[in-house]
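K.L.:
I would like the atomic coordinates for the input below:
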Amino acid sequence: MPLWLVRTAIALGLCLTVLLIRFRKLGSRPKNLPPGPPTLPILGCNLHSIFGIEDVHIQFQRWAEQYGPIYSLVLGTKTLLVINDRKVVKDLLDHKSNQYSSRPDMYVGQDLISGGYRLVFTKYDDEWRLARKMIHNLLNAKKAVDYLELKQMLSDFIDRPSAFHDHVRRYSTSLVTSFVFGWRSPSFNDPAVKQIYDGFEEFALASQLSSSLLDYYPILRKVPDFMNPMSRRAKALHKEELKLYKDYILRVRQRMQKGISPPCFCTEALFKAQEKHGFTDDWASYVSGTLLEAGSDTTASIFVGFIVAMVNFPRVQKKAQEELDRIVGPNRLPRMDDDMPYIRMIVKETLRYLPSSILGIVPHATSTEDYYAVGDESYYIPKGAGVMLNVWTLNNDPIKYPSPREFRPERYANDHLRAGESVSAVDVEARDHFTFGAGRRACPGLNVAERSLYLGIAQMLWALDFAHEKDAAGNDIPVDVNAMTGGIVARPKPFQCEITVRDEGRKKLAKDAWAECEKMLQGLPNGMRSTQYV
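P.N.:
Down below sits the predicted model:
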């Protein structure tokens, strides 16, 4: 055999050996990472363990029980660390918030669907800080509860109880559109409201942890669009979203020119900041759109979770109604200044029990490499790794919350902290739950949400009874307390229940209260019919 052929064969053999070694490492867990489930080398990493799983939050909980306070998943070329212990949350996301406040690269959700503008996916940079400051000022300056919207929601429950899901979505959407854009959303069947939720549904599906190989294998991004339906749909969705959000801010500008725009986030903060800093309408559209999506579906999801709890735990419902009858009585609706301790406990337990962020909304990401010790082990945390707050597992810690799948408001009898105080508490054991997140990425609207839930839940229980729907044989139709949808914002899966008015006197009071609001709204010019003016 010629010498050149021998040398060529040896060289090819060495190359193949190196490639084989590298391919064998692809998909394996790098040394010193926190432990985690076995990986599938080369092809699947840990993706095969979560791809297509319906109740992924339950799987993440099982892994927490198996691998401890922090574990790792290898997802293609990406590393995801999952935090399952309140002390680790405090040590990393709170105490080291400067290192743990960014976001991982999200090619589908941020680059394709959002054009790089979606605030919840934005890196920890100057643009994010500017938007966060504007939003923080809005949510601290505005009244936290809108009586008008709650009165319509209660009236809607009385008129069409079976459509309760639509009613809570309309309420939360109208609350946000009024604050952000200066107009109400009076009906869930309004095309604009339907478009908002249809878009959210598609975005949530496209952004699920196991939905996009383009995120985990960047080489696939080079595949042409005509061969890549996911990429095509993501880009089309961005055009639809941007048009919707931009139409909203253009509509505000038109009303400002006519002198009929009520004060709102756009007029009081966004447009002024745009003049000062010169950011584009596209960026401004997504900042306002972020408020819309964050405030709409999350609050609605928690209200639906509350209904799930009331149907399954009638003891709690009865005890709350006894408190309401004692403090408020039957002759008026509950108010924010009513001191209702048990209702306060129900709010906290509702937020813990069925959180809208079962896997922490969006993972944080590290801006530097780090190490974290668990017992005798020192784990390596790479720069750019995703860091997930495993909210479902944290909220169901059996040590902190004995019998966690029992709805027990009494567990908060001695907890008097407000939502913001709880999130920032120095002692992590003082945290009520982790539904609002942690660190610098904690939900900026937590106080608005908490107060809206307080009065909304009080008014519902004052006027309404919640019970199981019956089947043809007269048996209760079960409502699963663990069944949640996937996506960025989770909510209880569809279910049936029976909602009835407690008595005719409360029905009349609730209907009359909303009739007065309608009369007041009709007295305003069309462009001025905002909750800001009533």
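K.L.:
these two touch, right, Leu389 and Ile83?
P.N.:
Yes: assessed by C-beta atoms under 8 Å, Leu389 is found in contact with Ile83 at 5.7 Å. Glycine gets a C-beta too; all of them are placed from N, C-alpha and C.
K.L.:
what residues are shared contacts of those two?
P.N.:
89, 93 (C-beta atoms under 8 Å, 6 or more residues apart in numbering).
K.L.:
buried sites along stretch 360-374?
P.N.:
Under the neighbour-count criterion of 16 or more other C-beta atoms under 10 Å, stretch 360-374 has 360-366, 370, 372 buried.
K.L.:
the residues you listed in strands, which ones?
P.N.:
Those of these mapping onto strands are 364-365, 370, 372, per DSSP state E.
K.L.:
tell me where the stretch 251-400 of the chain has strands.
P.N.:
Under the criterion DSSP state E, counting those that start in this stretch, the stretch 251-400 of the chain contains strands at 364-365, 370-374, 377-381, 386-389.
K.L.:
so what touches the first one?
P.N.:
Yep, that's strand 364-365 we're talking about. Contacts of strand 364-365 (C-beta under 8 Å, 6+ apart): 93, 100-104, 123, 384-389, 439, 441.
K.L.:
hang on, the earlier thing: any chance of CSV for the ones in strands among the buried residues of stretch 360-374, columns distance to Arg502 and pLDDT?
P.N.:
Output for those, formatted as CSV (distance: C-beta to C-beta, whole Å; pLDDT from 0 to 100):
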residue, distance to Arg502, pLDDT
His364, 44, 95
Ala365, 49, 96
Asp370, 55, 96
Tyr372, 52, 97
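K.L.:
now those in CSV, with distance to Val304?
P.N.:
Formatted as CSV, these follow (distance: C-beta to C-beta, whole Å):
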residue, distance to Val304
His364, 27
Ala365, 30
Asp370, 38
Tyr372, 36
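K.L.:
and the furthest pair within these?
P.N.:
Spatially, the most separated pair among those is Ala365 and Tyr372, at 15.1 Å (C-beta to C-beta).
K.L.:
mind putting the strands of the stretch 251-400 of the chain into CSV with distance to Met230?
P.N.:
Below are the strands of the stretch 251-400 of the chain laid out as CSV (distance: least, C-beta to C-beta, whole Å):
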stretch, distance to Met230
strand 364-365, 22
strand 370-374, 33
strand 377-381, 30
strand 386-389, 20
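K.L.:
returning to what we had before: ok, so of the ones in strands among the buried residues of stretch 360-374, who is nearest Trp514?
P.N.:
Using C-beta to C-beta as the measure, the one of these that approaches Trp514 most closely is His364, at 42.0 Å.
K.L.:
so what pairs up with that closest one in the strands?
P.N.:
Val387 (DSSP bridges).
K.L.:
if I look at it, how far off is Val328?
P.N.:
Distance, His364 to Val328, using C-beta to C-beta, to the nearest Å: 42 Å.
K.L.:
same thing with Gln110?
P.N.:
46 Å.
K.L.:
who has more neighbours out of these two?
P.N.:
Neighbours per residue (other C-beta atoms under 10 Å) separate Gln110 from Val328, with Gln110 holding more: 22 against 18.
K.L.:
tell me who's in contact with the more buried one.
P.N.:
103, 116, 118, 121-122.
K.L.:
so where is the stretch 201-350 of the chain shaky, pLDDT-wise?
P.N.:
201-212 (pLDDT under 70).
K.L.:
pLDDT weak spots in the stretch 1-150 of the chain?
P.N.:
1-28, 41-44, 51-52, 140-145.
K.L.:
which stretches of it form strands?
P.N.:
Using DSSP E, counting those that start in this stretch, strands in the stretch 1-150 of the chain cover 70-75, 78-83.
K.L.:
dump those strands into TSV; add distance to Lys507 and mean neighbour count as well.
P.N.:
Listed next are the strands of the stretch 1-150 of the chain as TSV, based on distance: least, C-beta to C-beta, whole Å; neighbours: other C-beta atoms under 10 Å:
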stretch	distance to Lys507	mean neighbour count
strand 70-75	52	24
strand 78-83	47	24
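K.L.:
could you dump those strands to a markdown table with distance to Ala131?
P.N.:
Formatted as a markdown table, the strands of the stretch 1-150 of the chain follow (distance: least, C-beta to C-beta, whole Å):
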| stretch | distance to Ala131 |
| --- | --- |
| strand 70-75 | 28 |
| strand 78-83 | 25 |
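K.L.:
from the contacts of Gln110, which is closest to Phe157?
P.N.:
Arg118 (32.8 Å).
K.L.:
quick check: bridge partners of His468?
P.N.:
Under the criterion used here (DSSP bridges), His468 is bridged to Cys497.
K.L.:
may I ask you to confirm that it is in contact with Pro314?
P.N.:
No: between His468 and Pro314 there is no contact under C-beta under 8 Å: 9.1 Å.
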